[in-house]
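Chemist: Quick one, what's the 3D model for this:
(4 chains, ligands or ions: 4)
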Amino acid sequence: MFSNLEFFLIEALRSFRRGALMSLVAIATISVSLVIFGLFLLLVINLGNIVGTVSSRMDIAAYVEKDISLEEAGELQLKLGKLPGVEKVEFISKTEAWRNFKQEFGTKLELDDIMTSNPLPHTFSVKVRTPDLLPAVAKQVSNFQLIDEVRYSGKFIDQIRTLVDAVRLGGAALVVLISFATLLIVVNTIRLTVLARETDISIMKLVGATDTFIKWPFIIEGVILGVLGGLVSFIVLKFSYDAIILRVAAALPFLPLVADQRLLAVIHLVMIVGGTALGMLGAYISVSRVLKSEV
Amino acid sequence: MFSNLEFFLIEALRSFRRGALMSLVAIATISVSLVIFGLFLLLVINLGNIVGTVSSRMDIAAYVEKDISLEEAGELQLKLGKLPGVEKVEFISKTEAWRNFKQEFGTKLELDDIMTSNPLPHTFSVKVRTPDLLPAVAKQVSNFQLIDEVRYSGKFIDQIRTLVDAVRLGGAALVVLISFATLLIVVNTIRLTVLARETDISIMKLVGATDTFIKWPFIIEGVILGVLGGLVSFIVLKFSYDAIILRVAAALPFLPLVADQRLLAVIHLVMIVGGTALGMLGAYISVSRVLKSEV
Amino acid sequence: MIELVNVSKSFSNGVDVLFNISLNIGKEEFVFIVGPSGAGKTTMMKLLYREEMPSSGKVIVDRVNVAELDYKQVPYLRRNIGVVFQDYKLLPKRTVLENVAFALRVTGAPRSTIRRKVMQALELVGMLRRVNAFPDELSGGEKQRACIARAIVNNPPILLADEPTGNLDPTTSWDIIQLLDKINRRNTTVLVATHNKSIVDSMKRRVVALENGRIVRDQLLGGYGV
Amino acid sequence: MIELVNVSKSFSNGVDVLFNISLNIGKEEFVFIVGPSGAGKTTMMKLLYREEMPSSGKVIVDRVNVAELDYKQVPYLRRNIGVVFQDYKLLPKRTVLENVAFALRVTGAPRSTIRRKVMQALELVGMLRRVNAFPDELSGGEKQRACIARAIVNNPPILLADEPTGNLDPTTSWDIIQLLDKINRRNTTVLVATHNKSIVDSMKRRVVALENGRIVRDQLLGGYGV
Ligand SMILES: Nc1ncnc2c1ncn2[C@@H]1O[C@H](COP(=O)(O)OP(=O)(O)OP(=O)(O)O)[C@@H](O)[C@H]1O
Ligand SMILES: Nc1ncnc2c1ncn2[C@@H]1O[C@H](COP(=O)(O)OP(=O)(O)OP(=O)(O)O)[C@@H](O)[C@H]1O
Ligand SMILES: [Mg+2]
Ligand SMILES: [Mg+2]
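Modeler: Ligands and ions are numbered 1, 2, ... in the order given. I've put the predicted structure just below:
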């Protein structure tokens, strides 16, 4: 088997070269579908990321009515920060809250004239890691003696959570669907190139070639088509995505786009490896089919 | 030319039937890429719609400090509603606003004990048609004598507006890109089926067929492949989208998905017509190429 | 009808095939082209219906210099030249009937006459039995006869037959040659490239012998050998 | 070496081609198969290397019933049978050299012996001049000779030649037949289907005549006709 590897490789390269136009058309098709796949993947990942970030901004407000010292507040803040699932705790003193309130409504209402004392409580703003932790964390926060009341916008959070779940689920479904579509397109493209050589295959069988012997060069050729298609799509996607995040970062700095180089590297790898695997698979399936239908 | 139409049609159907496997593979590829195209289109349209709706929920708050009668309020509401760009005007009386406020902060603050009178103003909540109209409308609203102050969350709105623009632009770019990709895939797929019949074409030329005569059956066959691919993708897309909106409507009732039957019909039409046109184009390009390269 | 003037042909990959060929064939003639394998017989015929272009010299068919013909005119030239290709060139996905009919269809002939003429031609070559078979289902000789039927179905003024009896038994071969002879008598110029010595010898027609791309003999009432 | 016992063959579309053929060919024999076009010569040969399966009867090659052979074994059967196909069956995108080499490559022969044997075979058929040409660039006779070279390159114990001289001039034809004869003397069973009367007549070998799918004559030291 392996003594033939060199020969198979040469064979594959030759048929690739001699059927240049078909090969180019096939590579173009494969690249295009992989680029779409990659774009979709990045889109879904970014959507998930955006929704995730938005939802992580949801926080719990914990009110303390008793007048506490800054020391007590700091201590409590530390304790709250150590609760599992909590990302960040902010302290807004009642004075600060009152200032904010006055800033919101104040200019037109002579509040200080009406009210002699600040009616608002101290507030701890507790950020949790994921929105589904909100109820549990809220419960724990309310167990602290000093805390009088705990609030979070339950209904809104529920909606956001459902939305996040939906985007994640829909995204996953989309990725599965597009993966499948890409698979179909790549496999079909390669199948078309193999079908075009049915006659060759039947001649090879007639002069005593085993199925395995016929298969290998086709599979290697499929791999070559897949690798090249994958590489082209990788290059296109890398440069266009880099351009996109640059532009988006400039225009919409508040949008949290994924620019984690390691994640992107993984995606690019997936595309190249995927292209290769699909090329191989496509060739394998097609040539096996043709072989079976031949004498 | 047209006396031959029947013949060409028969020819096309025949070669379609006799190259059944290749035709099926081609149709599958075309359908798949059209389905992706359609999904993308629907995704982009829905994203645009969602962002649009979210942003249309942004409103202008116009405060009236003077105590006005219900009559006056109604009159003003009517006038505001007639401003260009305004979609809806809501009136929140100071009593109502105070009640809302107390509901938000009230349980823990004995507000009524502290404050003898309601410190809040009457509010008109003005919804505009598109977020970019906000500044202009706000200015006009502030021109009314009774209105003391006008507010809208400028920075947030600016962000939203940029986001909406970005989604629309990005969506349009994506749609263009995916259209192009679909075009490439469909055209290439058909090209592969034509390339597989180069020998046939050269024989036809040798027995005296004109280029036009050779072209037509291929073009008709391309149209058939395109139509069938378009139809399959239409059916797949229609049923899956219907299923999706049903589920989404149940799970995320607040998400404004596009279910406008006329718009959907247009999209489906685009897919079938697009498939057909691409099939024709693909066949035309490929067969012309092959013809030129032959003797 | 056919005139070659100082025609040479080299293929793009540097193979020289024909050297300075000059030949004049009248409308009523029946000419055998003989010569060893690879002498250039097929290439010479290809020049006439412009499957190949001459490297130099003039190829005149029916008073027209084929090499200078407008691309658009080539199909009409080819309709006037029936060709029995050495390798048949049948369309693989069409039946015998369809293959033969194709040569008439391209001319825009009405459907009714097509069927009649096709059946006539197939009868002449003894292929009525296999009209609905595909080329893959034919024996070598049957393919050859289908190809002959296609070449004559159109009653072209010129008929080129490249080794038309290579896969036929002597009896059928003889029938085919008689047929070509009959066609020739109906005012068709006929060129036959062949290795069939007995046929050439017994027909006693003009013989043009090629060797290594040169005409080495041009003899009225000739035989296969010298 | 080869034994057919009551073999019949009908194609799936209902065409009956062979009727109750029985035939026994020894290891050292050289047999001509003759008969009119469409008689069933090619079909009979196809049964031997299992391109077709018999509808009934036994086809025994080298003591093995070919029809019952395991699918995996078919390539090995075919390596033992060199075939000159009537329609050549050269791989279009490979040169003459590569086409001939292919028949050796499938056997896993080492590279060095491949080149030597291929050049030898091509020399025997007089094709050294065109080793790097593609089939499209060959004349009819050259294709045929390339196909012959491929069939013999492997020194198979059985050689089937289906109309191996249909596109060759008498001299080359004669050379090829002498070559087949020489191969036969080196202990190879040779079957030649042919329409070439003069060759069959002058070789004086066993002749099997087919007509309409039946053996009508089986004669040692026979001629083409009766
Ligand atoms: N397309 C081509 N490119 C290169 N060489 C070619 C091409 N076509 C033919 N030849 C060469 O030109 C020479 C003459 O070929 P041609 O087919 O004319 O021979 P022929 O006389 O018809 O022979 P045969 O009797 O074997 O058919 C051959 O040596 C052949 O290899
Ligand atoms: N695959 C097939 N399907 C149907 N009929 C076939 C098939 N192959 C061959 N035939 C028919 O079987 C008959 C015998 O064919 P075969 O090729 O064996 O003839 P042959 O003796 O080799 O003739 P020739 O001398 O013309 O090559 C022919 O009439 C042919 O049309
Ligand atoms: Mg020739
Ligand atoms: Mg035969």
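
Chemist: from here on, contacts and neighbour counts on C-alpha atoms
Modeler: Fine.

Chemist: Quick one: residues contacting the spatially most central residue of chain C.
Modeler: For chain C, the residue nearest the mean C-alpha position is C:Leu160 (1.9 Å; CA atoms, centre = their mean). For C:Leu160, the contact set (CA atoms under 8 Å, 6 or more residues apart in numbering or on different chains) comprises C:45, C:81-84, C:190-192.

Chemist: residues making contact with stretch C:71-79?
Modeler: Among residues not part of stretch C:71-79, those counted as contacts by CA under 8 Å, 6+ apart are B:205-210, C:49-50, C:103, C:107, C:154, C:156.

Chemist: what about 7 Å?
Modeler: Residues outside stretch C:71-79 that contact it (CA atoms under 7 Å, 6 or more residues apart in numbering or on different chains) are B:205-210, C:49, C:156.

Chemist: Show me which of the contacts of C:Leu160 is closest to C:Leu168.
Modeler: For the contacts of C:Leu160, the residue nearest C:Leu168 by CA to CA is C:Val84; the value is 13.8 Å.

Chemist: My read is that the closest one contacts C:Gly166, right?
Modeler: No. When contacts are counted by CA atoms under 7 Å, C:Val84 is not listed as touching C:Gly166 (11.5 Å).

Chemist: picking that back up, want to try CSV for the contacts of C:Leu160, with pLDDT as columns?
Modeler: Converted to CSV, those look like this (pLDDT from 0 to 100):
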residue, pLDDT
C:Met45, 96
C:Ile81, 96
C:Gly82, 96
C:Val83, 97
C:Val84, 96
C:Val190, 97
C:Leu191, 97
C:Val192, 97
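
Chemist: Closest one to D:Asp136 out of these, please.
Modeler: Using CA to CA, those come closest to D:Asp136 at C:Met45, 15.9 Å.

Chemist: wait, what's in contact with the closest one?
Modeler: Applying CA under 7 Å, 6+ apart, no residues contact C:Met45.

Chemist: follow-up on the earlier one: filter the contacts of C:Leu160 down to the ones in strands?
Modeler: Members of those lying in strands (criterion: DSSP state E): C:81-84, C:190-192.

Chemist: low-confidence ranges in the chain?
Modeler: Because you didn't say which chain, this covers chain A. In the prediction, chain A carries residues with pLDDT under 70 at positions A:1-4, A:18, A:51-58, A:101-119, A:131, A:152-164, A:167, A:251-255, A:295.

Chemist: wait, I meant chain C there
Modeler: Using pLDDT under 70, chain C drops low at C:226.

Chemist: For residue 213, which non-adjacent residue is spatially closest?
Modeler: As the question left the chain open, I've gone with chain A. D:Val106 (7.0 Å; CA to CA, 6 or more residues apart in numbering or on different chains).

Chemist: Chain C was what I was after
Modeler: Residue nearest to C:Gly213 in three dimensions, not counting chain neighbours: C:Leu18, with 4.1 Å by CA to CA, 6+ apart.

Chemist: so that neighbour makes contact with C:Lys9?
Modeler: Yes. Using CA under 7 Å, C:Leu18 is in contact with C:Lys9, at 4.9 Å.

Chemist: what's the longest helix in chain C?
Modeler: Criterion DSSP state H: the longest helix present in chain C is helix C:170-185.

Chemist: Does it reach ligand 2?
Modeler: No. Helix C:170-185 lies out of reach of ligand 2 by CA under 6 Å from any ligand atom, never closer than 9.9 Å.

Chemist: which residues sit against that helix?
Modeler: The contact list for helix C:170-185 (CA under 7 Å, 6+ apart) reads C:28, C:30, C:125, C:165, C:190, D:195.

Chemist: So which of the residues you listed is the closest to ligand 2?
Modeler: Relative to ligand 2, the closest of those is D:His195; by CA to the nearest ligand atom it sits at 7.2 Å.

Chemist: isn't there a helix covering the closest one?
Modeler: No. Counting by DSSP: H, G, I helix; E, B strand; the rest coil, D:His195 is not part of a helix but coil.

Chemist: Next one: it from chain C, what distance?
Modeler: Plainly put, D:His195 is 5 Å away from chain C if you go by CA to the nearest CA, to the nearest Å.

Chemist: tell me, how many neighbours does the closest residue to chain B within chain C end up with?
Modeler: Nearest residue of chain C to chain B (CA to the nearest CA) works out as C:Pro75 at 4.2 Å. For C:Pro75, the count of nearby residues is 22 (other CA atoms under 10 Å in any protein chain shown).

Chemist: Could you do the one 5 residues further on as well?
Modeler: Burial measure for C:Asn80: 19 neighbouring residues, criterion other CA under 10 Å.

Chemist: In contact with it, which residues?
Modeler: C:Asn80 is in contact with C:156-158, counting by CA under 7 Å, 6+ apart.

Chemist: Would you confirm that A:Gly230 belongs to a strand?
Modeler: No. Secondary structure of A:Gly230 (three-state DSSP): helix, not part of a strand.

Chemist: quick one, what contacts it?
Modeler: Shown in contact with A:Gly230 (CA under 7 Å, 6+ apart): A:31, A:34, A:271-272, A:275-276.

Chemist: now it, nearest residue through space, not along the chain?
Modeler: Nearest residue to A:Gly230, sequence neighbours excluded (CA to CA, 6+ apart): A:Ile272, at 4.3 Å.

Chemist: C:Val207: what's it in contact with?
Modeler: C:31-33, C:218-220, C:222-223.

Chemist: closest to chain D among the residues you listed?
Modeler: Within the contacts of C:Val207, proximity to chain D (CA to the nearest CA) peaks at C:Ile33, which comes in at 11.8 Å.

Chemist: quick one: the helices in the chain?
Modeler: You didn't say which chain, so I picked chain A. Under DSSP H, chain A gives helices at A:5-18, A:20-56, A:70-81, A:94-105, A:111-114, A:134-142, A:154-195, A:198-206, A:211-251, A:261-293.

Chemist: please go with chain C instead
Modeler: C:41-48, C:74-79, C:96-105, C:111-124, C:140-152, C:170-185, C:197-203.
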